[in-house]
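Enquirer: Could you look at this predicted model? Sequence included:
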Amino acid sequence: MSAKHTTTAHRRDTDLVRFHLDRAEDVTGISGTGTVAGGVIFPDGTVAMRWNTHIASTAVYDSINDVVEIHGHNGATVVTLIDTREAGAA
């Protein structure tokens with residue numbers, strides 16, 4: 001016996017916000033300079049980011065603030081937003 005399941009989600013805040021990391025100085029000597037990674041911020045604040053290095057990897061973070069704390073290197077790397085959310089979106 002099989003059951004048919006239907007899920008309907010109604011959300012106002014479904015837009016992803018794209019970003020990239022711009023690095024002026026390669027403090028660790030690993031990732032280089034320029035645009036070193038790209039990612040998205042999900043509506044709940046979770047972040048998925050993919051490195052542009054010769055050995056690419058993908059990481060998930062709880063927030064964009066965590067990304068800056070870990071990879072910002074005191075301002076040597078900055079987050080550049082590509083998209084913005086409409087006012088009132090969570």
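Expert: Structure received. Residues are numbered from 1 along each chain as shown.

Enquirer: Which parts of the protein are helices?
Expert: Along the chain, the stretches classed as helices by DSSP state H are 64-71.

Enquirer: quick one, strands of it?
Expert: Using DSSP state E, the strands found in the chain span residues 17-23, 34-41, 47-51, 58-61, 77-81.

Enquirer: can these go into TSV with extra columns for mean neighbour count?
Expert: Placement of C-beta: from N, CA and C, glycine included. Formatted as TSV, these follow (neighbours: other Cβ atoms under 10 Å):
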stretch	mean neighbour count
strand 17-23	18
strand 34-41	18
strand 47-51	17
strand 58-61	14
strand 77-81	16
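
Enquirer: who does Leu81 bridge with?
Expert: Phe19 (DSSP bridges).

Enquirer: tally of neighbours for the residue nearest to Val40 when sequence neighbours are not counted?
Expert: In space, Val40 comes closest to Leu16 once its chain neighbours are excluded; the distance is 4.5 Å by Cβ to Cβ, 6 or more residues apart in numbering. The tally of other residues near Leu16 (other Cβ atoms under 10 Å) stands at 13.

Enquirer: All set, thanks.
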